[in-house]
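Student: Below is the structure, and that's it, no one-letter string:
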């Protein structure tokens, strides 16, 4: 699931243990309602039945409704009391959901159990600092939202795949292309990787769920360097744009180039795995984001991708709060994540992520290989995205080195808040 989420698919709620017809993103007046995406309806109903078998003391009805993770806030913000008792959400909605009063806090003992069972980033994605203390508001169940590099190993070798410069030259040699989204819809999600790779950062100061300030430090210089993070990353983007093997690509372009077998390497996520596997055939491969070389620093810089997670939240207005927490814990647990992986959903559970099945999945193995240096995509203000969108458009319009500083100044001032 990418930053820009597809719209909700309307449908009726499917009831487990009772017969109640409802519209999408609603809940019953009795029992527990859980929301899940349309693609997971059969799975979630089966998991609910298993939950009942393992928890016979829970006698209330459990209804399964259709509502995608990306639509949770939009629906709950209308009326929290009319929302589901348990629902999935993308972690960048955390602050807004909490502000809307739609998230119940995990107890300390439950939080410690969840922490021990899941990769650190997924657990921390549910954290809100309140009164100087860390509190947790979500049960992680998926770790697969991010971008990395796919490549055709008949064009780019495994060794070449580590460095952007080598990748571009390998593509040039075989008349193939390197695809990266620089200025199309959603480009801002990808562009930050060059600046974070240079050592830059973007930080938000929160007081509870209130954003006090946002600070972009791309105008700062690494220790012992005469150039800023912005100049390092910005020049690398200009160099990429100028290479003859570069293609500015969103999903539509990726799918078109894949169909015509023109791709040597591409930066994208798990949602394009099948189309790329079909295109590359036996050459299908994927790996972490590559490095880029900066003549300013004389060093190779690791591109730093965004990663996102999905969690189950519990509605504090639920009339069955204890049971709702137990259900959320089960739906995000090891057994549920093992079954969810069969739908191609990457697990956050440590045990499941270490299984041979997950390790042998080319796309998820690449995603997991970069979690140690990836940047979690938290709740970000709209000016973050719009400022990077504008900068990417400037670079794609053939921005030159001599015009970079002025564009960086606009980028940084636009991102600050």
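Tutor: Received, thanks. All of these numbers come straight from a predicted model, not from anything done at the bench.
Student: Next, count neighbours for residue 80.
Tutor: Neighbour count for residue 80, taken as other CB atoms under 10 Å: 16. Quick note: C-beta positions are derived from backbone N, CA and C, even for glycine.
Student: My read is that it contacts residue 313, right?
Tutor: No. Between residue 80 and residue 313 there is no contact under CB atoms under 8 Å: 11.0 Å.
Student: Identify the contacts common to the two.
Tutor: residue 102 (CB atoms under 8 Å, 6 or more residues apart in numbering).
Student: Look up how far residue 107 lies from the residue lying farthest from the centre of the chain.
Tutor: Among residues of the chain, the one most distant from the C-alpha centroid is residue 57; the distance is 36.4 Å, by CA atoms, centre = their mean. Between residue 57 and residue 107 the computed distance is 19 Å (CB to CB, to the nearest Å).
Student: quick one: contacts for the closest residue to residue 415 other than its chain neighbours?
Tutor: Nearest residue to residue 415 in three dimensions, chain neighbours excluded: residue 216, at 4.0 Å (CB to CB, 6 or more residues apart in numbering). Residues in contact with residue 216 (CB under 8 Å, 6+ apart) are 200, 202, 411, 412, 415, 416.
Student: again, but for residue 230
Tutor: 195, 198, 200, 218, 219, 408, 411, 412.
Student: which stretch of helix or strand covers it?
Tutor: If you go by DSSP states H and E, residue 230 is part of helix 229-242.
Student: list the buried ones in that helix?
Tutor: 229-241 (16 or more other CB atoms under 10 Å).
Student: Dump those into CSV; add pLDDT as well.
Tutor: Shown next, in CSV, are the buried residues of helix 229-242 (pLDDT from 0 to 100):
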residue, pLDDT
229, 98
230, 98
231, 98
232, 98
233, 98
234, 98
235, 98
236, 98
237, 98
238, 98
239, 98
240, 98
241, 98
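Student: Which one of these is nearest to residue 309?
Tutor: For the buried residues of helix 229-242, the residue nearest residue 309 by CB to CB is residue 233; the value is 25.2 Å.
Student: Now do the closest one against residue 226, distance only.
Tutor: From residue 233 to residue 226 the distance is 15 Å (CB to CB).
Student: Likewise for residue 276?
Tutor: 40 Å.
Student: So between the two, which is more surrounded?
Tutor: The neighbour comparison of residue 276 against residue 226 (other CB under 10 Å) goes to residue 276, with 23 against 9.
Student: any idea whether that one is helix, strand or coil?
Tutor: At residue 276 the chain is in helix, as set by DSSP: H, G, I helix; E, B strand; the rest coil.
Student: List the buried residues for the helix or strand where residue 109 lies?
Tutor: If you go by DSSP H and E, residue 109 is part of helix 108-117. Across helix 108-117, burial judged by 16+ other CB under 10 Å covers 110, 111, 114, 115, 117.
Student: so who does the fourth one touch?
Tutor: Taking CB under 8 Å, 6+ apart, we find residue 115 in contact with residue 123.
Student: re earlier: just want the phi and psi numbers for the residue nearest to residue 415.
Tutor: Main-chain dihedrals, residue 216, degrees, to the nearest 10: phi -100, psi 130.
Student: And it, how far from residue 200?
Tutor: Taking CB to CB, one finds residue 216 at 8 Å from residue 200.
Student: same deal with residue 335?
Tutor: For residue 335 relative to residue 200 (CB to CB), the value is 41 Å.
Student: of those two, who's got more company?
Tutor: residue 200 (22 against 15).
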